[in-house]
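Participant: Need coordinates for the following:
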Amino acid sequence: MEMKSYLLDTFSYNDHANRLVLKKIGEMRDRSGAVRFFSHLINSQYKWMSRIIRDPKAPAMDWWEPVYVFADLEGKWSDSLGLWLAYIGERSEEQMFEEKGFVGFDGGEWTAPLKDIALQLNYHSIHHRAQIQSLIRAQGIEPDFVDYIGTVYRKLS
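Facilitator: Modelled structure (predicted):
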């Protein structure tokens, strides 16, 4: 499998899993922690995109703020994800390996391959989704099965 396809598949898996988690957040009595983590995932996608397109506002963007209201999470998630799907979709396989410059946390110039930035967003999503799943379970709600294998396995008999 080519890297571009792998990245698009990985974003698709995370989209599926995060939307399942989002529905469970809607069942929670106290959503504050889960909403904060989910908002962080959205903000991370926005900030990384702003970084790689060299938006001058990128350094001032926060990883954790704003914290969105629950009713806005699905739309913001779709928007932030759509930016990445379009960006990757418009690029060649070779461009997945090109270095992308950005202003880092310290104001300095940094660089990383596009594929690694996209992988970071997806792996980061898995990390925080697990935290959200723990918050869901702590409120007595059974989380959905969101393991990757659940999206690809099939019963033979």
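Participant: buried set for the longest helix along the chain?
Facilitator: When the chain is parsed with DSSP state H, its longest helix is helix 114-138. For helix 114-138, a neighbour-count test (16 or more other Cβ atoms under 10 Å) marks 114-115, 117-119, 121-122, 124-126, 128-129, 132-133, 135-136 as buried. Heads up, the C-betas are built off the backbone N, CA and C, glycines and all.
Participant: out of these, who's nearest residue 2?
Facilitator: Of all the buried residues of helix 114-138, residue 2 sits closest to residue 115, with 10.6 Å by Cβ to Cβ.
Participant: Strands of the chain, residue ranges please.
Facilitator: 99-103, 109-113 (DSSP state E).
Participant: Please convert the ones you listed to a markdown table, extending it with mean neighbour count and distance to residue 17.
Facilitator: Shown next, in a markdown table, are these (neighbours: other Cβ atoms under 10 Å; distance: least, Cβ to Cβ, whole Å):
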| stretch | mean neighbour count | distance to residue 17 |
| --- | --- | --- |
| strand 99-103 | 15 | 26 |
| strand 109-113 | 13 | 24 |
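Participant: of those, which approaches residue 9 most closely?
Facilitator: Set against residue 9 and scored by Cβ to Cβ, the strands of the chain come closest in strand 109-113, at 18.0 Å.
Participant: Kindly provide the whole-number mean pLDDT of the closest one.
Facilitator: Mean pLDDT, strand 109-113: 98.
Participant: Check stretch 129-137 too.
Facilitator: pLDDT averaged over stretch 129-137 gives 98.
Participant: Return the alpha-carbon coordinates of it using PDB.
Facilitator: What follows is stretch 129-137, C-alpha atoms only, in PDB (Å, rounded to 0.1, in the frame of the first residue of the first chain):
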ATOM      1  CA  ARG A 129      -9.700   8.700  22.300                       C
ATOM      2  CA  ALA A 130      -8.500   6.100  24.900                       C
ATOM      3  CA  GLN A 131      -8.600   8.800  27.500                       C
ATOM      4  CA  ILE A 132     -12.200   9.800  26.500                       C
ATOM      5  CA  GLN A 133     -13.200   6.100  26.500                       C
ATOM      6  CA  SER A 134     -11.900   5.900  30.100                       C
ATOM      7  CA  LEU A 135     -14.000   8.900  31.100                       C
ATOM      8  CA  ILE A 136     -17.000   7.300  29.400                       C
ATOM      9  CA  ARG A 137     -16.500   4.000  31.300                       C
END
